[in-house]
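>>> No sequence on hand, only this structure:
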Ligand SMILES: [Zn+2]
Ligand SMILES: [Zn+2]
């Protein structure tokens, strides 16, 4: 059966588009840069969302919801913020059949509107920390949109917090990085991200420090997968948010904001996909195992249904494919494209011998398994596949990361993966030279590869690559 | 302690606003008619959402997500639909710093954009039924906004389906009414809604039949709480969606759409609230029980924490209030305003006798309970309160519903509750006369009060009332 997908080795961007369509993950919307998340794509998003939400709540933040529409004037209050977002705004000028007195923007992010409420809610040190998260859609007009990666509208969570001290704010920004984003990406998505902070040039508009998780995709490019910002007092000053301390003085709180988005779905495809389509880590697979009745045979269909029920009872997300009027080959290809981690094939001949075939999606290896051993074997395979996808991605990331000494070497290495070089040697000027080659500093790390927590610490390493 | 709330008997609308603020449920946004859902309000919404989502999935529909921004031209394709929504549209005319060639509207509902994709996805009877739901924000410019009840932006779910036959579509619209909305409202929200279908005048713009759930609020007014529409072939014809039947002919599918929104939070307040604030049905209470340490006493605080842990371990949503530097009276009033169903008061004196005080929010009755009996008694009370709130609302609805014979009597009865009269006697002309008195037909029912399933059946009853 010929693959409906472009070979990723030949044309990776086109392969990505093909997978989106063939796996029924998403579609382009009619307004430039917008997207439709189809049921298969959205079901993956629900699993990602559930895990992030659980972790955010465990970190003590409460969910809330703030308006989509923001007065234009709010954006202007923080100088760097408005400069960063102005070119991307969607502006509503008419409402209810009339021209509006003041145009309103569709939120590109919610720092401004949320801070206007923090100013009303925060009075005393007793009100701090104030830890808020919202799940929302945001709109940023994209010139070169790509589904999931850069879309005019996307879904995300955005956290916004206020703290009594700079130290508390930094600790919380780092807590979100370490306890929410990092484990979600590594343990759930099986993507071995590197973490660090952004250079001045790359940090969020309005932040004093941006912490980031960067993943390496199948073509060696970097994808920014989640960021956590220390905002200093920039927004509390802009919105006049003050609190009385225990000693009775008035101070501006220190703040953070942090977000991860539907872009993570793009990361799953780009990091784990192969020539046969998507490969889903079992932890985010809407169906972890599909039981396929090979052909129109009563025994096979009945046995397939019973196996699906047994697998579901064992706690796996299991699906039955009894569409025996559709060719078996076509259905198999379809489940491979959709990335279902394990396929159980139930055919009359094998069944007569009390056996079925198990196919793991990551390696495409097949094994004959006795009926009574299917549930245990599927459970074992799911754990193994989750780990194997992670290990494979980690090996690829390491193989494509090169320690270099000069900007020239970084440009060379950055063509196929990441380059790591001394930030002292690179600096903002070297960063400009990289920029001319479409390379950016993805993050800065401490000499040991950890987070550089000391202000003004020397010996930093710059991780350089092309980025989505 | 003086109540911070207006007496609902004196000024019900103002009491409602006071509860929103004092219970920290919501706030007005800066753009007219928008709202902020604060953590307490949003946590209730998450519980409502979880139950509706579970029931929708059980009814076989898949979640997906379609764009916020819709080309203006899409709205114009279905004549009644555009007429219904035009006065309420928010229009984006500028994006990315430029004037757009075609203005785009912020979705007021998604029939048009979803049907433009159904036209691409549906080819054969094998693709049907196509059952899609989305959780989304929508924008309808409101002239007289009220938080949760009528807001310029609100949160909702909207289901959209396509079926091979008219009968299938009707059955599914009714299934959603009966298996999703009705049990959510009655069992979860403890609101005894009446169900029926809308008159031509009141039905959804573009539908051929609208099924509705109507609840009676504390002032006798009606609130439309969820609707399920049969769309006929209106949208499939407008968007050219066709499927090939088993016999090879081409046909337009029959469709439904259905929605319930953040308005349900308004219903909880308006139906169950009293002079002391919100009364939450335990099933949607973010905290079902709060354990309050009465004052700064180590034993009391320790015992309160242990009780909270025991209650949580027993599966109740339990919260600890150990803010002993805030007055006990003030905290009690606060939890009553927020509507927490059961309060456990732990004070040193009672504790010395191995006892605590339980206060149920609905009746405000207190009882002294031995420490070892708290978990069982709280569990019993939560079940009792859930039932009591429902029964009280049902009794009020019945007491305020009057069978009448004439339009004049309906106007009279509709001043304080609902009137029920023969639709044959009322008719569209009588409906106009009611409209002049700010009364509307909330729904039509079969003679026995059930759904009128037969087309053109006689003897219908009209339920008439003022509405939110
Ligand atoms: Zn305060
Ligand atoms: Zn088809």
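Good, I have the coordinates. Since we're looking at a predicted model, the values are computed, not measured. Ligands and ions are numbered 1, 2, ... in the order given.
>>> only C-alpha atoms for contact and neighbour calcs from this point on.
OK.
>>> got the contact list for the lowest-mean-pLDDT helix or strand in chain A?
Of all the helices and strands that make up chain A, helix A:79-85 has the lowest average by mean pLDDT, DSSP states H and E, namely a mean of 86. When contacts are defined by C-alpha atoms under 8 Å, 6 or more residues apart in numbering or on different chains, helix A:79-85 is touched by residues A:75-76, A:108, A:140, A:205-206.
>>> from these, which single one is nearest chain B?
Nearest to chain B among the contacts of helix A:79-85 is residue A:140, at 7.7 Å by C-alpha to the nearest C-alpha.
>>> I'd say that closest one and residue A:86 touch.
No: if you go by C-alpha atoms under 8 Å, residue A:140 and residue A:86 don't touch, sitting 9.4 Å apart.
>>> The two - which one has more neighbours?
In terms of neighbours (other C-alpha atoms under 10 Å in any protein chain shown), residue A:140 is the more surrounded of residue A:140 and residue A:86; the figures are 24 against 19.
>>> shared neighbours of residue A:140 and residue A:86, which are they?
Joint contacts of residue A:140 and residue A:86 (C-alpha under 8 Å, 6+ apart) are residue B:96.
>>> still on that earlier bit, nearest to residue B:169, out of the contacts of helix A:79-85: which one, please.
residue A:140 (37.7 Å; C-alpha to C-alpha).
>>> Contact partners for that closest one?
A:85, A:88-90, A:108, A:151-153, B:96.
>>> For the stretch 101-250 of chain A, just list every one of the helices.
With DSSP state H, counting those that start in this stretch as the criterion, the stretch 101-250 of chain A has helices at A:111-121, A:166-176, A:182-183, A:234-239.
>>> Make TSV out of those helices and add mean neighbour count.
Formatted as TSV, the helices of the stretch 101-250 of chain A follow (neighbours: other C-alpha atoms under 10 Å in any protein chain shown):
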stretch	mean neighbour count
helix A:111-121	19
helix A:166-176	19
helix A:182-183	21
helix A:234-239	21
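>>> looking at the ones you listed, which is closest to residue B:377?
Nearest to residue B:377 among these is helix A:111-121 (36.4 Å), distances taken as C-alpha to C-alpha.
>>> ok so, going back, so which of the contacts of residue A:140 belong to strands?
Judged by DSSP state E, the subset of those located in strands is A:90, A:153.
>>> and which of the contacts of residue A:140 is nearest to residue B:178?
Nearest to residue B:178 among the contacts of residue A:140 is residue A:153, at 34.4 Å by C-alpha to C-alpha.
>>> isn't the closest one right next to residue A:146, touching?
No: judged on C-alpha under 8 Å, residue A:153 makes no contact with residue A:146 at a distance of 11.1 Å.
>>> where do the contact lists of those two overlap?
Joint contacts of residue A:153 and residue A:146 (C-alpha under 8 Å, 6+ apart) are residue A:33.
>>> which of those two has more neighbours?
In this view residue A:153 and residue A:146 are compared by other C-alpha under 10 Å, and residue A:153 has more residues nearby, 28 against 20.
>>> For beta bridges, what are the partners of that one?
Following DSSP bridges, residue A:153 is listed with bridge partners residue A:139.
>>> Where does the prediction get shaky in chain A?
Residue ranges of chain A with pLDDT under 70: A:1-2.
>>> ok, back up a step: now do the buried residues in the least confident helix or strand of chain A.
By neighbour count on 16 or more other C-alpha atoms under 10 Å in any protein chain shown, the buried set for helix A:79-85 is A:81-82, A:85.
>>> How about stretch A:445-455?
Within stretch A:445-455, the residues scored as buried using 16+ other C-alpha under 10 Å are A:445-446, A:451-452.
>>> Just the endpoints, please. Distance across it?
The first residue of stretch A:445-455 is 12 Å away from its last residue (C-alpha to C-alpha, to the nearest Å).
>>> circling back to that earlier point, out of the buried residues of stretch A:445-455, list just those in strands.
Going by DSSP E, the strands hold residue A:445 from the buried residues of stretch A:445-455.
>>> Residue A:150 against residue A:142, yeah?
Yes: the criterion here is C-alpha under 8 Å, and residue A:150 meets it with residue A:142 at 6.9 Å.
>>> which neighbours do the two share?
Shared contacts of residue A:150 and residue A:142, defined by C-alpha under 8 Å, 6+ apart, comprise residue A:33.
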